[in-house]
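# A predicted structure for the sequence below; I have some questions about it.
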Amino acid sequence: MKIASFNINGIKARINALTDWLAGADADVVVLQEIKSVDETFPRAHFEDLGWNIETHGQKGFNGVAILSKLPLEDVIRGLPGDDGDEQSRYIEATVTGVQAVRIAGLYLPNGNPVPGPKYDYKLAWMERLRLRAQELLAAEMPVVMLGDFNIIPEARDAASPEKWREDALFLPQSRAALRRIVWRGWTDAIRARDPWSTRGPFTFWDFQGGAWNKDDGIRIDHMLLSPQAADLLEETGVDREARAGEKPSDHVPVWVRLAA
DNA sequence: ATGGTTGACTTTCAA
């Protein structure tokens, strides 16, 4: 089972880029972030005609996540548990069954800038709720893939220019510690696990500003965390870097993992 | 040098 994540930065603006990438990716499941669309205006029929089952959790203008799957999507949860007052659409879960059942958690973690301020407070509070949900998922002792745009640069080697991010919500020690607090309980960072001694990247995001792509001034913020039962099934991971050089690209590129599931 | 780019959606905000 090949499972991918792609922050598309607007489904309407990216429908061609996404369709082209899907045609060559051979993915079974794709989680999307920043659809920037309400559920009603997501181009559902376009993707259904290509054979995808679709579950969305959108909102007007910003954020929004979705799952595309060639296999049926079951037991869907919309929204990160733990705060019924949270209006932002950043989390969706579903179960996909191939050889065996895999729980998929697609997430768009808050950016958190500027720091300090209410947006950073929201980021840290959201991460605490994610920690609690991650613990519940580990307790299920089943294959789980928790993936998406985490908006966290885990280590200095995950940025081309770490000094530029020193004061940023994506790289502050407190942000990175909050991610480690989740991961260390038993999750495997799939991209890092397949290339543990990499000294640079691989990057998954290059800002639209300042010619970041042309300078390869990237960061690694799109992650795939595997539960132990999923890590046991890990076959291959990848970062589809070439997507950043395409026509009207997103600022993120797809990341993917293949499991024997 | 206090810049630069993109998307959604209105006139600015979020990233």
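On my side now, so go ahead. Numbering: from 1, shown residues only, chains lettered A, B, ... in the order given.
# how about the helices in the stretch 51-200 of chain A?
A:118-139, A:173-183, A:190-194 (DSSP state H, counting those that start in this stretch).
# Show me which residues of the longest one are buried.
Spelled out, that is helix A:118-139. A:120, A:123-124, A:126-127, A:130-131, A:133-134, A:137-138 (16 or more other CB atoms under 10 Å). To be clear about C-beta, it is placed using only N, CA and C from the backbone, and glycine gets the same treatment.
# With the last one instead?
The neighbour-count check on helix A:190-194 (16+ other CB under 10 Å) flags A:190-192 as buried.
# Check stretch A:203-210 too.
For stretch A:203-210, using 16+ other CB under 10 Å, the buried residues are A:203-206.
# One more: stretch A:153-160?
Buried residues in stretch A:153-160 (16+ other CB under 10 Å): A:153-154, A:158-160.
# quick one: which of these is nearest to A:Arg185?
A:Pro154 (15.3 Å; CB to CB).
# For that closest one, which residues are in contact?
A:176, A:179-180, A:189, A:192, A:220, A:223 (CB atoms under 8 Å, 6 or more residues apart in numbering).
# Please apply the same query to A:Ile153.
Applying CB under 8 Å, 6+ apart, the residues near A:Ile153 are A:159, A:162, A:165, A:170-171, A:176, A:219-221.
# quick one on the thing from earlier: just send the helices of the stretch 51-200 of chain A back as JSON lines, with mean pLDDT and distance to A:Leu71 too.
Output for the helices of the stretch 51-200 of chain A, formatted as JSON lines (pLDDT from 0 to 100; distance: least, CB to CB, whole Å):
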{"stretch": "helix A:118-139", "mean pLDDT": "98", "distance to A:Leu71": "19"}
{"stretch": "helix A:173-183", "mean pLDDT": "98", "distance to A:Leu71": "27"}
{"stretch": "helix A:190-194", "mean pLDDT": "97", "distance to A:Leu71": "20"}
